[in-house]
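Participant: One predicted model, sequence on top.
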Amino acid sequence: MPVHFPKSRSVISVKGEDAEHFLQNLVTCDVAAIPADTARPCALLTPQGKVMFDFLIMPDGFGGYLIDIDTALADDFTRRLTMYKLRAKAEIAESNESLAAISWQSDSASAGRQVADSRFPSDLNVMRHYGAAPAGEDDAAGWTQLRIAHGVAESGADFSAGDAFPHDISYDQNGGVGFKKGCFVGQEVVSRMQHRGTARRRLIVVSGQTALPAPGTALEADGKTAGTLGSVAGNTGLALVRLDRAKDAMDDGTPITAAGETVTLSLPANVSYRWPENESDKGD
């Protein structure tokens with residue numbers, strides 16, 4: 001069973017009689033519709049619709065929610081939630097549970113809380129383990145490769161906080177935005193992008209003949225930047241790419257390069273977006 005032991009995740013608890021209502025009107029995903037034992041991608045946006053904090057959220061089994069977030073963002077996120085809380089009857093605190101491991105492609109059970117990571121197809125059985133970890137050697141590279149193949153981006157590795165819209169990081173693909181649930185911070189901008197189909201940047205899988213350069217390296221075509229590399233595992237990587245610029249280069253036979261080496265671009269598995277076919281498909 002492949003397993004990864006992350007070292008930089010924190011878990012925040014939001015509980016109390018107003019916990020669900022408080023979160024439902026604040027964050028992007030439909031928290032009321034998250035099944036038990038399931039972690040759903042979610043975000044808190046700026047009023048302009050940019051992702052300020054990305055995280056996974058799950059029911060705690062007692063009417064509240066647990067939020068699995070990058071430790072580097074945890075304190076700022078907690079302060080932001082507290083600022084929005086006002087008179088809501090909700091308690092926000094660091095949980096005594098912690099993310100112990102992530103496993104995939106296994107049906108084996110382990111002690112502690114096990115939660116399905118809904119960003120991946122169910123047949124991969126990607127599980128997040130809290131409190132207790134299954135046995136195994138840390139396969140950090142395998143976890144990165146899995147994220148790359150399925151277009152699963154995380155802040156820090158693949159984008160900077162405040163620099164991406166939910167559509168950029170496939171939250172319209174994986175349940176990270178509840179388009180039917182009503183208002184949340186930044187909802188007007190995100191809904192407009194959804195209805196007009198104006199997302200210009202998307203997650204793309206990058207492949208090279210040799211090992212790719214470091215994350216943050218620009219993807220260039222004819223002297224213009226088409227995207228930026230994020231997570232890298234050997235000769236594959238994930239990148240946020242301007243679809244129109246990349247498609248124009250591919251149509252013209254112009255090489256797309258990273259640090260001078262030619263790379264090829266492909267869509268992640270199981271996404272509904274496609275390369276633009278004409279000018280009207282290329283967004284604003």
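Facilitator: In hand now; what should we look at? Since this is a predicted model, take the numbers as computed values, not measurements. Residues are numbered from 1 along each chain as shown.

Participant: Might one say that Ala36 is in contact with Asp60?
Facilitator: No. With the criterion set as C-beta atoms under 8 Å, Ala36 and Asp60 do not qualify as a contacting pair; they are 9.9 Å apart. Quick note: C-beta positions are derived from backbone N, CA and C, even for glycine.

Participant: With neighbour numbers in mind, choose between the two.
Facilitator: Neighbours around Ala36 and Asp60, counted as other C-beta atoms under 10 Å, are more numerous at Asp60. The numbers are 18 against 10.

Participant: since we're on the nearest residue to the more buried one once chain neighbours are set aside, how many residues are nearby?
Facilitator: Nearest residue to Asp60 in three dimensions, chain neighbours excluded: Leu66, at 5.0 Å (C-beta to C-beta, 6 or more residues apart in numbering). Leu66 sits with 23 neighbouring residues when counted by other C-beta under 10 Å.

Participant: How about the contacts made by Leu66?
Facilitator: Counting by C-beta atoms under 8 Å, 6 or more residues apart in numbering, Leu66 makes contact with 11-14, 57-60, 95, 97, 130.

Participant: Give me the buried subset of those.
Facilitator: The neighbour-count test (16 or more other C-beta atoms under 10 Å) marks 11-14, 57-60, 95, 130 as buried among the contacts of Leu66.

Participant: Of all pairs in these, which one spans the longest distance?
Facilitator: By the measure C-beta to C-beta, Val14 and Tyr130 form the most distant pair in those, at 15.5 Å.

Participant: Would you report the backbone torsion angles of Val3?
Facilitator: With angles defined as degrees, to the nearest 10, Val3 sits at phi -150, psi 140.

Participant: Was I right to think it contacts Arg128?
Facilitator: No. Using C-beta under 8 Å as the test, Val3 is too far from Arg128 to be in contact (11.1 Å).

Participant: residue ranges of the strands in the stretch 151-284 of the chain, please?
Facilitator: Secondary structure of the stretch 151-284 of the chain (DSSP state E, counting those that start in this stretch): strands at 201-208, 218-221, 224-233, 236-242, 256-258, 261-266.
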